[in-house]
Each structure stands twice: as C-alpha cells, then as structure tokens.
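Novice: here is a sequence with its predicted model. Questions after.
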Amino acid sequence: MPLMEKQGENLLKYEKSPYLLQHAQDPVNWRPWCPGALLEAKKEDKPIFLSIGYSTCHWCHVMGKESFQDPDVAAALNRDFIPIKVDREERPDIDGVYMAACQALTGSGGWPLTLLLTPEQEPFWAGTYLPPRSRDGRLGLADLLDEAGRLWHADRQKLLELGQKVTSHISRSREQGPGSRPSIPLLDRAAEVLLDRFDPVYGGFGGAPKFPVPQEILFLLAYGRQEKNEAAREAALFTLTRMARGGLFDQVGGGFCRYSTDREWRVPHFEKMLYDNALLAYAYLEAYMQTGSDYCREIARRTLDYALEELRLPGGGFACAQDADSGGVEGGFYFLSRADVEEALGVGEAGEFCQRLSIGEERSIPQLLDDPEYADFWQEHRAECARLADFRRRRGSLHRDDKVLTSWNAMMIAALAKAARVLGEEKYLKAAQTARIFLKTRLTMADGRLWLRWRDRESAVEGQLDDYAFYCWALVELYETDFSVSCLREAVGLAKQMEALFWDEAGGGFYLTAAGAERLIVRQKDAFDGAMPSGGAMAGLALVRLARLTGRENLRELAERQINWLAGEAGRQPEAYCASLLAMMEALYPRRDLVRVSAEAIPAWLAETGERGRLAVLAKTPENSRGLALLSPRADQYPIPAEGEVLYLCREGACAPPVRSAEDLERLLQEVREPVLQ
C-alpha cells in the first residue's frame, strides 16, 4: 500500500476536481479512479471501497466530515480496502454504471454513492449516506467495513458470486428489445400517466420530494400544442408557476435550487446546478412563446441572469454549480428574518417586502406562494432585491464548483440562444456565442473530438455521448438564432464524430462511452431520463433537426434509426422517456422549411419568426452562400435576388409560391398547417 504523501494528505491533492480536492486532506488514503488504483486492488487482493459524489452535495459534505475524517473509519479503510473517490460530474460513465448497480441491489440510489467492489470492479454491496457508526436503525460505515472485511476472508466466494450476479443483471437490463417506430399512441400514454400523477393543488408530479423535471414540462407543452390538449398544457403551466412562486426559486437573487423537500415547493434542497437552470429557463421561454405570459418571461430572464452573474467564468464558460452549504449550514445563505431585511433595507421598506415574501421573525425561505399579486413582485421590488442580494453576499458566500463541463455548458448555450430568439435581447446571444467559443477553443481537440471537462487551464476526460449530443443540439439552437454557417458546419462534424465513436451498428442506439474508451464492467446504452435528459434522446433530437436543416440523406437515415431505437426503449414506460418523446415529436410533427435568400443582411425578425412558427430556417446571403451549399445542398436551389428578399415556405418537399416580405410570410404561415405523420 502506498504511503500517504505526508500526514493529512493523500493522492487526491494532485487532482483538478473540486470534489476530489475537498477530500485531499482526509486521513483516508484515497486514490482517484485510475489504472494504478485498480491494479493495486488486484495485486493486494483487496476489495475496492468506491465513493462517488460531487462538490456541492450537502450529504456528501456530511459524510465526509462525519465518516471520512473519523480516525477509526480511516484506519479500517486504509488497512482492508483500496479507497477510491470519483467525481460523478467528471466521470458520468462510472457513476452511471454503479448507480445502476446500487438500484439493482437496493431499489434506490443517490449521492453520496457508496459501493464495495471486487478487485475486478464488480459490486457486491451498495448504499448512499452512511454515518460513522450504526444509529437509529441506520448501518454505520465502521460496522459495514468490519463485516465486509471479515466476509472477504471468511466467505469470499459469496461476495464474488453476488458481484458477478449484479454485473450480469445490469448488463442484461441494457440489452435492446425489438425495434419500434414513434407513434401518437405512445405520446398519448405518456401524457395520460403524467396527468394522472399531476398534483392539481401544488403543481408538479407525484409527492415529496419534488424535482423540477424540465423534459416532462417541455413534453407536456409540446404535446398540448400539437394535440390541442389543454389539460397537458395547463398542467405544465401551473407547475411552472408554482415552482417559480415557491422557495425552490431564489426570489431574491434568481435561479432554481435542485429540488423541493416538500410537496408545496416551499423548502428546497439548496444547491443550484447549471443544468437545472439552463433547462428550466428553456422551459419558461417555451411557455412564454406559447402563452405570452409575462411571468414566464420574467422567470426565464431572472434564471439566465443568475447564471450570467453567478456561474459565468472569465472567458465565457459556465461553472457547474453553487453549494447548498454556507458556513457549514445547509441553506444558511438563503434564510432571512424580518430583522435581516430591516438591516438591509431599513425598517420603512422592510414591512411590505416581508409580508409579500412571507418573511417573519424567525429565519425562513422567502417565497411568493401566499401572495396573490406574485406576478408583479419583481417589477415592483427590483431595487430592494438587489440590495438584499448584496446583503446576503456580505453575510456569507457559497462555494462554486468551477469545472466547465461540455454537456452542461451546451445546455446553457441552447437556453441562451432560445432567449435571444424569443426575447430579442443581444446580451443572451453574445453570452451564447462566447460560451461556444470557450468550448471550441478549450474543450475541442484538433480532430474535432471533445473533452468532457476543463478546469484550471487543463482539459481532461475524453468526451462521452452527452457531450456530443448536447453540444450538437446547442449548435443547432445557436444556428437558428444567428444563422452562422460555422455553427451548422460544427454541428455536422459532431454528428459524424458521434456516429463513428458511439453508434451500435449491431443493436442500434448510441453507447454512452466511445469506442476505444476505458472499458468498465458494462458499456451502457440508455434512453432513460435521469436528473437530465438522456444523451441518447438528445442525440435523436439534434440529428432530426440537423437533418431537417441540411437535407442530408445520411443524417436523415441516422436520425430515423435513432428515433426508432428510442421508440423501442420508451415503449415500456414512455413517461420516463420524455426527452425521447420530444425527439420523436420532431419526426411525427415535422417542421416546415423556410429559406430566406437576400443580398441584404439577415433581419432580426427572422429568428423570432422561425421560433414562433416552428420552422427549420436557412438564411442565404452572398457572404455565406458557398459555405451553406456545402452543408445543405438544397440551398443551391434558391437564387439570390438582385434586390430585396425572397422567402420560400415548404412542407415535405412541396413549396408555396415565394413571397417577398415578412408581412406576406405571416399571412402564408396562417394559411399552411403543419402535417402529422402517423
């Protein structure tokens, strides 16, 4: 066993991950996941103790302080095990495999994720948070280690057999069933289940704890729009409104916390994740587009502005998250009392402010669930919120995990691009473009392949399916906002890389890890949505939309194969595959094509019209005509006029007579309905 670097240090001190660095001073002799650590387990014939978490996870902090700094626990780990720490955000592949193992062994999962593995990395025990010693009916880590150490020597064969059985189970669970095709009945079934689970009193789906699941909301909005189903749309809109009024949304500083611990959205679990805020902003923007709701528009703005202010890094990339804890207290940063507000605003201004946000003498989470005039709060109290936000910062600070993840940044690029189209605000477009440059210069290799993570001037971990799929989707979103041919070119390149690296030619679908990447006990292939939409679903969505824009037959065929694979996966439980259903809806309800050709600059209204009309828009000018023709050969069919503009609206290869103004296009859009392919 290698010695500690020095007293109070371990090998994690050489890592870049903020989560791993948080444990670099533990008395546990942690190793990062690496070939050397895995080989050491085999050489020393010891089981692996695997701990997976992330730097802004409250219960990871608790277990770290209680258990991993306990001298007796550390001694047992160092003596009888090979302890390995993994940042689940840096290695989603490892997290995905062993979360599936935990669910197979226990029926549930979460973080911190705790497993015991054979030296061949096969799991024979799994759980989540463990106190140092057993209490209140909960197994303690010291007791687990003692028993596991005893069994490893006394009855090892049972542990090995269990590890093999779990590995076999999660391998079988990833096998693809018969192929299928997307269908309206599949959408109907998903909507029916979600509406059955809908909470008509407080919004959301199911009971506490309640997670804001953007893909479910986006599916219901899309389904309600296409199928004229008001119940689906109203469930989505009511949920969006209740979430934004509650403590889940930071009424003072903007942005959403990770989930609500109660049914009413009053008390959140406090970490703020980049992916939640990106996808929720996207959902609120979609709701605003469909309804014109000023409240949805305002929440989208405040969510994106939070990300720009608190998560954006120098150079334009976005950090992962802000912590739940402040000063060792979960949520301490966010709790306010009337005395706090009076100190920040003065006694005179504090009265109405506290009444509207239900802030009393005891510290609580500000929320607008009891204010019938909630929609006007921000406009009327913008200045007070800014002063109170400054007060909170002076009182304490939040740890920020400043890793830049390709997939999570891609989600924010997509949300910012949509905001620029929907709201017409230049700052969001510039932020999206700058973030894209960050990914292109720091997280893209010379051959076009992606890195997964950047931090402290280091790019690391070869990109996985999520990185390619989400970034390809983001580039499509950005192209439909600024019509930059370079976005389209990069998206086509990523689609090629995605097929070459991840596609399963034999069984269909995309693997989560690339061919040639490190082999874990299972090579996963999944369409099931977790906290985020699945990479397989986003690959399907990106490919359908990219094929629509370019007209390329190879992309159309790949998109069709992936959509059919998603349909086969979703058939068993479609409500758990809402991102896949969104991808299928792009095939079932094809977008109309709009080609604008002009010798003049691309007008600002074009992106907004494309968004509102659900169009696949190409914009051709003398400057981009050659590059556009290489990417989308059909663009050559439309000559550039000597003056003015010409607009061609087409559906499934049939074009209406061309028009020469935005006004004529609007009339045409009202006349031509979208098709449904059964």
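Specialist: Structure received. Numbers count the residues shown, from 1 in each chain.
Novice: skip the chain neighbours and tell me the closest residue to Ala604.
Specialist: Gly424 (6.7 Å; Cβ to Cβ, 6 or more residues apart in numbering). To be clear about C-beta, it is placed using only N, CA and C from the backbone, and glycine gets the same treatment.
Novice: for Asp70, that is, sorry about that
Specialist: Closest to Asp70 by Cβ to Cβ, 6+ apart is Pro132, at 4.4 Å.
Novice: now do the one you found against Val73, distance only.
Specialist: Pro132 sits 5 Å away from Val73, going by Cβ to Cβ, to the nearest Å.
Novice: mutual contacts of the two, please.
Specialist: Common contacts of Pro132 and Val73 (Cβ atoms under 8 Å, 6 or more residues apart in numbering): 67, 141-142.
Novice: over to the closest residue to Tyr374 other than its chain neighbours. Which of the three states is it?
Specialist: Among residues not flanking Tyr374 along the chain, Leu368 sits closest, at 4.0 Å (Cβ to Cβ, 6+ apart). Assigned with DSSP: H, G, I helix; E, B strand; the rest coil, Leu368 falls in the coil class.
Novice: so what's the residue count around Leu368?
Specialist: By the criterion of other Cβ atoms under 10 Å, Leu368 has 20 neighbours.
Novice: contacts only, for it.
Specialist: For Leu368, counting by Cβ under 8 Å, 6+ apart, the contacting residues are 245-246, 251, 356-358, 374, 377.
Novice: ok, now Ser337?
Specialist: Taking Cβ under 8 Å, 6+ apart as the test, what Ser337 contacts is 359-364.
Novice: can you measure across stretch 11-20, start residue to end residue?
Specialist: 10 Å (Cα to Cα, to the nearest Å).
Novice: pLDDT on it, on average?
Specialist: For stretch 11-20, mean pLDDT is 97.
Novice: show residues contacting it.
Specialist: By Cβ under 8 Å, 6+ apart, stretch 11-20 touches 2, 5, 21, 23-24, 26, 29-32, 53-55, 60, 85, 87, 89-90, 399, 401-403, 453, 455-456, 458, 460.
Novice: any buried residues in that stretch, and which?
Specialist: Neighbour-count burial for stretch 11-20, counted by 16 or more other Cβ atoms under 10 Å, picks out 11-12, 15-20.
Novice: show me the two of these that sit farthest apart.
Specialist: Leu11 and Pro18 (16.1 Å; Cβ to Cβ).
Novice: next helix or strand past the helix or strand harbouring Ala191?
Specialist: In this assignment (DSSP states H and E), Ala191 forms part of helix 184-197. Remark: after helix 184-197, the chain's next helix or strand is helix 214-227, criterion DSSP H and E.
Novice: between that following helix and helix 184-197, how many degrees?
Specialist: 120 degrees (axes from the mean of the first three to the mean of the last three Cα atoms, to 10 degrees).
Novice: using CSV, write down the CA coordinates of helix 214-227.
Specialist: C-alpha atoms of helix 214-227 as CSV (Å, rounded to 0.1, in the frame of the first residue of the first chain):
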residue,chain,number,x,y,z
PRO,A,214,-37.8,20.2,-17.4
GLN,A,215,-38.2,17.5,-20.0
GLU,A,216,-41.6,16.4,-18.6
ILE,A,217,-42.8,20.0,-18.7
LEU,A,218,-41.4,20.5,-22.2
PHE,A,219,-43.1,17.3,-23.4
LEU,A,220,-46.5,18.4,-22.0
LEU,A,221,-46.1,21.8,-23.6
ALA,A,222,-45.3,20.3,-26.9
TYR,A,223,-48.0,17.6,-26.7
GLY,A,224,-50.5,20.2,-25.6
ARG,A,225,-49.6,22.4,-28.6
GLN,A,226,-49.6,19.7,-31.2
GLU,A,227,-52.6,17.7,-30.0
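Novice: fine, thanks again, bye for now.
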